[in-house]
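Trainee: would you be able to build a 3D model of this:
(one chain, ligands or ions: 1)
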Amino acid sequence: MPKQVDYLIIGQGLAGSLLSWELMQRGCSIHLLDNQQENASQIAAGLINPVTGMRLVKNNQIDTLLPCAKQSYQVLSQFFQKDFYIAKSMLRIVRNEKEQLSYQQRRQDPNYLKYLEPELKQAPKSIHAPLGLIQQKQTGYLLTHKLLSCLKNYFQEQQSYQACQFNYQDLQLNNTVTWQGITAKKIIFCEGYQAIYNPWFNYLPFQLAKGEILTMSSEHILIPEILNYGHWLIPLDTHHFRTGASFDNAILNTQATTQAKQQLLATLTHTYPSLHSAAVDKQQANIRPTTLDKAPFIGLHPNYKNVAIFNGFGAKGSLQIPYYSQHFVQHLLKQTPLEDQVNCLRYRQHKHTLNYVIKPQ
Ligand SMILES: Cc1cc2nc3c(=O)[nH]c(=O)nc-3n(C[C@H](O)[C@H](O)[C@H](O)COP(=O)(O)OP(=O)(O)OC[C@H]3O[C@@H](n4cnc5c(N)ncnc54)[C@H](O)[C@@H]3O)c2cc1C
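Mentor: Numbers count the residues shown, from 1 in each chain. Sure thing, here's the model as predicted:
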């Protein structure tokens with residue numbers, strides 16, 4: 001059936017979903033395609049953590065990104081009458097003296113007051129943390145799988161969703177774009193890691209990273225907070241939790257491995273010995289769309305003004321995507337300039353030497 005829409009969107013991960021939602025909220029029509037492969041968003045832990053790394057560095061945009069993310073998830077919660085963002089404090093194990101020193105500095109810094117409790121907490125008996133625990137605030141996690149299911153149903157009800165593989169050679173580019181009888185003003189690619197196959201954007205320097213995550217259950221009653229010990233544990237309820245995630249930028253596929261499972265279980269039981277008999281209910285693997293300079297790729301193609309990308313949210317999709325969907329929509333509808341550090345035009349179009357191989361499934 002011939003159809004005319006404002007935007008043809010490729011990919012219903014968190015990026016394509018929130019961008020489509022944002023466009024529809026502003027009265028635009030969309031047609032969203034997804035090949036229904038399990039994606040990074042569906043398996044992600046959805047963790048939002050403003051202060052990270054051994055040096056306990058605050059994300060320099062957190063004061064913009066976090067309020068926007070919370071507000072967006074709140075609006076979606078009200079709309080669907082379901083909770084998506086779970087605010088939960090995080091206990092971070094002090095792993096060495098360097099980290100202890102960083103904490104001593106940060107706790108006196110007024111910029112960190114909102115994010116770190118000023119006193120270390122003593123570890124409960126069940127947790128191995130001889131140097132104590134840092135209590136982090138403003139942390140939590142997004143129930144991404146649940147949110148994407150609700151949004152998919154919504155797009156289907158609006159007759160704006162199609163389950164299928166988009167093949168690049170089927171696209172006709174003129175002043176508009178046409179794909180299988182659907183004409184749109186622009187096409188926006190939100191393909192996650194699969195963007196490396198995209199003939200218009202494969203010159204962008206993605207530095208993909210595979211991640212694996214375990215969903216587990218335990219007879220032992222879990223601590224209520226998120227626990228961070230290099231890896232993390234997110235309690236879903238008193239007896240169920242998720243732990244992860246591994247990080248591998250050498251072998252890139254979506255297959256779960258025994259090696260990653262053993263590594264995750266070893267760090268878990270070292271930190272939290274009473275979970276040694278916890279059962280692994282599920283193991284999932286996928287690929288994060290991480291980039292060379294750790295910033296997203298957003299904007300119009302340098303030569304084709306009706307071809308655009310919204311991608312590269314790496315390991316921080318839940319924090320970054322709400323703000324950048326609004327930012328990109330403002331750019332598309334009101335021509336407000338894109339921030340330089342996320343604009344895909346910061347890279348010129350030539351083929352980078354990519355040092356990764358996607359292994360066949
Ligand atoms: C193990 C793991 C743990 C993670 N933990 C966190 C975390 O705690 N916090 C956090 O913020 N982020 C986390 N992430 C990262 C997070 O998943 C990403 O930042 C985010 O989900 C990226 O969303 P996306 O929509 O860009 O990509 P994706 O979720 O991969 O979605 C892309 C979609 O496009 C579809 N698609 C691609 N090409 C085509 C085509 N040609 N035709 C049709 N459909 C197509 C794909 O099938 C997919 O559905 C984690 C990732 C992994 C792998």
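
Trainee: list the contacts for Pro2?
Mentor: With CB atoms under 8 Å, 6 or more residues apart in numbering as the criterion, the residues that contact Pro2 are Gly181, Ile182, Thr183. In this view, the C-beta of every residue, glycine as well, is placed from N, C-alpha and C.

Trainee: need those residues in TSV with pLDDT, can you?
Mentor: Shown next, in TSV, are the contacts of Pro2 (pLDDT from 0 to 100):
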residue	pLDDT
Gly181	95
Ile182	97
Thr183	97
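
Trainee: what about those, which are in strands?
Mentor: Judged by DSSP state E, the contacts of Pro2 include Ile182, Thr183 as members of strands.

Trainee: residue ranges with poor pLDDT in the protein?
Mentor: The chain contains residues with pLDDT under 70 at 1, 350-361.

Trainee: quick one: the strands in the stretch 51-200 of the chain?
Mentor: For the stretch 51-200 of the chain, strands defined by DSSP state E, counting those that start in this stretch occupy the ranges 51-52, 57-58, 85-87, 90-93, 133-136, 140-142, 161-163, 171-173, 177-179, 182-189.

Trainee: residues near Thr238, how many?
Mentor: Look at Thr238: counted by other CB atoms under 10 Å, it has 12 neighbours.

Trainee: was I right to think it contacts Leu222?
Mentor: Yes - the criterion here is CB atoms under 8 Å, and Thr238 meets it with Leu222 at 5.9 Å.

Trainee: how about the residues of the stretch 251-361 of the chain by the ligand?
Mentor: For the stretch 251-361 of the chain, the residues in contact with the ligand (CB under 6 Å from any ligand atom) are Asn286, Arg288, Pro289, Asn311, Phe313, Gly314, Ala315, Lys316, Gly317, Ser318, Leu319.

Trainee: so which of those residues sit within strands?
Mentor: Asn286, Arg288, Asn311.

Trainee: list just the nearest of those to Leu227.
Mentor: Nearest to Leu227 among those is Arg288, at 21.5 Å by CB to CB.

Trainee: what about the closest one, neighbour count?
Mentor: When counting by other CB under 10 Å, one arrives at 25 neighbours for Arg288.

Trainee: count the neighbours of the nearest residue to it once chain neighbours are set aside for me.
Mentor: With sequence-adjacent residues excluded and distances taken as CB to CB, 6 or more residues apart in numbering, Arg288 is closest to Ala209, at 4.7 Å. When counting by other CB under 10 Å, one arrives at 21 neighbours for Ala209.

Trainee: in the stretch 1-150 of the chain, which residue sits nearest the ligand?
Mentor: Gly13 (2.0 Å; CB to the nearest ligand atom).

Trainee: ok, now how distant is the closest residue to Ala129 other than its chain neighbours from Gln135?
Mentor: Excluding the flanking residues, the one nearest Ala129 by CB to CB, 6+ apart is Ala123, at 3.7 Å. According to CB to CB, to the nearest Å, Ala123 stands 11 Å off from Gln135.

Trainee: can you redo the residues of the stretch 251-361 of the chain next to the ligand as CSV with distance to Ser77?
Mentor: Below are these laid out as CSV (distance: CB to CB, whole Å):
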residue, distance to Ser77
Asn286, 25
Arg288, 25
Pro289, 26
Asn311, 26
Phe313, 21
Gly314, 25
Ala315, 24
Lys316, 21
Gly317, 18
Ser318, 14
Leu319, 17
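
Trainee: just the closest residue of the stretch 251-361 of the chain to the ligand, please.
Mentor: For the stretch 251-361 of the chain, CB to the nearest ligand atom, closest residue to the ligand: Gly317, 2.5 Å.

Trainee: what is the neighbour count of the residue nearest to Met54 when sequence neighbours are not counted?
Mentor: Using CB to CB, 6+ apart and skipping the chain neighbours, the partner closest in space to Met54 is Glu99 (5.7 Å). Other residues lying near Glu99 total 18 when counted by other CB under 10 Å.

Trainee: for Glu99, which residues are in contact?
Mentor: Met54, Leu56, Leu131.

Trainee: scan the residues you listed and report the most crowded one.
Mentor: Highest count within these by other CB under 10 Å belongs to Leu56, 21 neighbours.

Trainee: that residue is in contact with Gln100, isn't it?
Mentor: No - counting by CB under 8 Å, Leu56 sits too far from Gln100 to count as a contact (10.4 Å).

Trainee: the stretch 51-200 of the chain against the ligand: which residues are in contact?
Mentor: Counting by CB under 6 Å from any ligand atom, the stretch 51-200 of the chain sits next to the ligand at Gln165, Phe166, Cys190, Glu191, Gly192, Tyr193, Gln194.

Trainee: rewinding a little: could you dump the strands of the stretch 51-200 of the chain into CSV with distance to Ser218 and mean neighbour count added?
Mentor: Formatted as CSV, the strands of the stretch 51-200 of the chain follow (distance: least, CB to CB, whole Å; neighbours: other CB atoms under 10 Å):
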stretch, distance to Ser218, mean neighbour count
strand 51-52, 26, 20
strand 57-58, 32, 15
strand 85-87, 19, 17
strand 90-93, 17, 24
strand 133-136, 20, 22
strand 140-142, 18, 23
strand 161-163, 36, 16
strand 171-173, 49, 14
strand 177-179, 48, 18
strand 182-189, 41, 21
